[in-house]
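S.K.: let me see the structure of the following:
(one chain, ligands or ions: 2)
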Amino acid sequence: FLGVLGGTALAAAGCAEISGELLRSRLALPRPFTVPLPIPEVARHVRPGRYELTQRAAKMEIIPGTTTEVLGYGGTFPGPTLDLRRGSRVTVAVRNELSVPTSTHLHGGVTPPGSDGYPTDLVAPGGGAKDYDYPLEQRAATLWYHDHRMDFTAPQVWRGLAGMALVRDDEEDALPLPRGERELPLMICDRAFEEDGSFRYPSPPGGGHSGHTGHMAAVDGDYMEGVEGDVILVNGAPWPVAEVTATRYRLRLLNASNARRYRLRLAPGGRFTQIGSDSGLLAAPVAHDELPISPGERYDVVVDFSAYPVGSAVTLVNTLADGPARNVMRFVVARRAADDTAVPAVLSRPPGRVAPVTTRRFDFRRSAEGVWAINGHPYRPGVPLARPRLGTAEVWRLSSDFHHPVHVHLAHFLVLARNGRAPAAPDAGWKDTVDVRPYEVVDVLARFDGYRGRYMLHCHNLEHEDMAMMADFEVI
Ligand code: C2O
Ligand code: CU
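M.R.: Ligands and ions are numbered 1, 2, ... in the order given. Purely as a prediction, here's the structure:
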């Protein structure tokens, strides 16, 4: 593992955030808002219904003037965007040319269990391959795909194994929303860099992450909280800038960070009109001044840049951070342009609530032995904590001792309550990931539709996930 990462041991780093301060004089980071926003390539099928993605190591210029080795789908970071259609089944053939095993999960996908990216369902390094089957019997939504290898998801995603996947459908096509160049996928994540430009990631203290090989007790405090970097990347570029016209834009916001949470705001001011959540369009738009987004979550929003004078700079900032990590990216309103788009008052008819058949509790907490666990158990592959029935809904009561962004595979859910009170505005709509805050109890109504079989729920703080804060459930 260490050989693969080739990184400097940073086990003794004194805080959760890896600081670039000392390195800044040697590794010249760009000034914020000087690197143009890249838009990841859209994956092209090799024949209708079949995509081929090869996982390769490649060198990319992330910090201008230096190169960074990435592990990428298609040799790029982010990987190519999968542009998919509801009801059009696809096969994504993943070939692993890396030196480490992988498992690919379509986050938010309603996929058969054999294609879900179970952590031990590995594609062997050095040319192993697997066909992932995505029937896409699901509503239009902003999804993403990423590595899910047992114990090593965090370092492998940090090195680049992630991309976006957009599912579209007729209901959405009929809406007058911004599209084409005015629809921007924005994969937001933080990274830290070594002075030679390579990704900086701490060595797992104790020599491994595994919750079931006995190294847990050796993991030290900063790794416990999750790894953060002080360079914010959007679509793989540091604090980028995008020129926009004074029109509406649709932004597909994804927090692909390992552990960093953001509270996004527009400066000098402005609104996000939320049109969709993790799992598809809302019934009606919701306006926000601020959007909290935890690892794994997505928001589908429209921003109307005609609200700003031509020539203005509109900066996306993270009000949870100070210093360099406060900046995310900037839009520069370059000129006026015609705009025939609108955000209709009625967007879609999402699936309704179904009466729950039972309530189950999942407690995300450090166990008595000091390890990240669910209901007291570090991950036990093959031991389901719940057996919901296909076609039913259940209330899952999620509680925690820390910030744990809880993600459920297969199922989509509505947030019913936080600490017994009505959920907040950003909780609107069907979701697959919810930030459970310290000492909070979040009730969600989860629907189990699609397939029988083995799935999982876990914390999407990727270091917590690797430190065994996962559980199986089986749809029967
Ligand atoms: Cu995005 Cu099981 O993960
Ligand atoms: Cu967690």
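S.K.: and the residue of the stretch 201-350 of the chain found nearest ligand 2, how far is that from residue 294?
M.R.: Nearest to ligand 2 in the stretch 201-350 of the chain, going by Cβ to the ion, is residue 226, at a distance of 7.2 Å. Every C-beta, even on glycine, is put in place using the N, C-alpha and C of the backbone. Going from residue 226 to residue 294 by Cβ to Cβ, to the nearest Å gives 11 Å.
S.K.: tell me the spacing between the nearest residue to residue 324 once chain neighbours are set aside and residue 139.
M.R.: Nearest non-adjacent residue to residue 324, counting by Cβ to Cβ, 6 or more residues apart in numbering: residue 230, 5.0 Å away. Using Cβ to Cβ, one obtains 37 Å as the distance from residue 230 to residue 139.
S.K.: re earlier: wait, doesn't the residue nearest to residue 324 sit right on residue 190?
M.R.: Yes. The criterion here is Cβ atoms under 8 Å, and residue 230 meets it with residue 190 at 7.1 Å.
S.K.: for those two, indicate the residue with more neighbours.
M.R.: Higher neighbour count among residue 230 and residue 190: residue 190, with 26 against 22, using other Cβ atoms under 10 Å.
S.K.: show me what the more buried one is bridged to.
M.R.: For residue 190, the beta-bridge partners under DSSP bridges are residue 232.
S.K.: which neighbours do residue 230 and residue 190 share?
M.R.: residue 325 (Cβ atoms under 8 Å, 6 or more residues apart in numbering).
S.K.: show me where the stretch 351-476 of the chain has helices.
M.R.: Counting by DSSP state H, counting those that start in this stretch, the stretch 351-476 of the chain has helices at residues 462-466.
S.K.: and residue 413, how many residues sit next to it?
M.R.: So residue 413, with other Cβ under 10 Å, has 25 neighbours.
S.K.: hang on, I meant residue 133
M.R.: Neighbour tally, residue 133, other Cβ under 10 Å: 14.
S.K.: next one: residue 344
M.R.: Neighbours around residue 344, by other Cβ under 10 Å: 13.
S.K.: so what's it up against?
M.R.: 175-176.
S.K.: okay, now the domains of the protein?
M.R.: 2-171, 188-335, 359-475 (automatic domain parsing).
S.K.: next, see if the last one gets close to ligand 1.
M.R.: Yes. Part of domain 359-475 sits near ligand 1 under the criterion Cβ under 6 Å from any ligand atom, namely 407, 409, 458, 460.
S.K.: next, the distance between the ends of that domain.
M.R.: Chord length of domain 359-475, first to last residue, is 15 Å (Cα to Cα, to the nearest Å).
S.K.: confirm that residue 292 sits in a strand.
M.R.: Yes. Counting by DSSP: H, G, I helix; E, B strand; the rest coil, residue 292 falls inside a strand.
S.K.: got a list of what it touches?
M.R.: Residue 292 neighbours (Cβ under 8 Å, 6+ apart): 261-264, 426, 435.
S.K.: same thing with residue 476?
M.R.: Counted by Cβ under 8 Å, 6+ apart, residue 476 has contacts 387-390, 452.
S.K.: quick check: the residue nearest to the spatial centre of the chain vs ligand 1, distance?
M.R.: Nearest to the geometric centre of the chain sits residue 296, at 3.0 Å (Cα atoms, centre = their mean). Separation of residue 296 from ligand 1 (Cβ to the nearest ligand atom, to the nearest Å): 5 Å.
S.K.: please pull out the lowest mean pLDDT helix or strand from this protein.
M.R.: Taking mean pLDDT, DSSP states H and E as the measure, helix 2-5 is the helix or strand of the chain with the lowest mean score, a mean of 30.
S.K.: helix or strand for the closest residue to ligand 2 within the stretch 51-200 of the chain, which one?
M.R.: Residue nearest to ligand 2 within the stretch 51-200 of the chain (Cβ to the ion): residue 154, separated by 11.3 Å. Residue 154 belongs to helix 153-158 when assigned by DSSP states H and E.
S.K.: residues contacting the nearest residue to residue 272 once chain neighbours are set aside?
M.R.: If the residues on either side of it in the chain are set aside, residue 272 comes closest to residue 301, at 4.2 Å by Cβ to Cβ, 6+ apart. Contact partners of residue 301, counting by Cβ under 8 Å, 6+ apart, are 250-251, 253, 272-275, 288, 291.
S.K.: and residue 301, bridged to which residues?
M.R.: With DSSP bridges as the rule, residue 301 is bridged to residue 251, residue 274.
S.K.: ok, and what's touching the lengthiest strand in the chain?
M.R.: Of all the elements of type strand in the chain, the one with the most residues (DSSP state E) is strand 50-60. Residues outside strand 50-60 that contact it (Cβ under 8 Å, 6+ apart): 43-46, 67-77, 79-80, 82, 90-99, 102, 123, 161, 236.
S.K.: so where is the stretch 101-250 of the chain shaky, pLDDT-wise?
M.R.: 204-222 (pLDDT under 70).
S.K.: okay, helices next: where are they in it?
M.R.: Using DSSP H, counting those that start in this stretch, helices in the stretch 101-250 of the chain cover 153-158, 170-173, 221-225.
S.K.: looking at those, which is closest to residue 143?
M.R.: Among those, the nearest to residue 143 by Cβ to Cβ is helix 170-173 (13.7 Å).
S.K.: okay, buried residues for the closest one please.
M.R.: residue 172 (16 or more other Cβ atoms under 10 Å).
S.K.: repeat for stretch 121-138
M.R.: So, applying 16+ other Cβ under 10 Å, buried residues of stretch 121-138: 121-123, 128, 130, 132, 134-136, 138.
S.K.: closest to residue 172 out of those residues?
M.R.: residue 138 (12.3 Å).
S.K.: rewinding a little: distance of the residue nearest to residue 324 relative to residue 36?
M.R.: From residue 230 over to residue 36 (counting by Cβ to Cβ), the distance is 21 Å.
S.K.: leaving out sequence neighbours, find the closest residue to residue 128.
M.R.: residue 96 (4.8 Å).
S.K.: hang on, the one you found packs against residue 73?
M.R.: No. The pair residue 96 / residue 73 is not scored as a contact, 10.2 Å apart, by Cβ under 8 Å.
S.K.: can you pull the contacts of the residue of the stretch 201-350 of the chain closest to ligand 2?
M.R.: With Cβ under 8 Å, 6+ apart, residue 226 has these contacts: 16, 258-260, 461-464.
S.K.: so which of those reach ligand 2?
M.R.: 461, 464 (Cβ under 5 Å from the ion).
S.K.: can you lay out the contacts of residue 226 as TSV showing distance to residue 368, pLDDT and neighbour count?
M.R.: TSV is the format used below for the contacts of residue 226 (distance: Cβ to Cβ, whole Å; pLDDT from 0 to 100; neighbours: other Cβ atoms under 10 Å):
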residue	distance to residue 368	pLDDT	neighbour count
16	23	50	17
258	26	97	25
259	24	97	24
260	29	97	26
461	20	98	31
462	24	97	28
463	20	96	27
464	17	96	27
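S.K.: much appreciated, bye for now.
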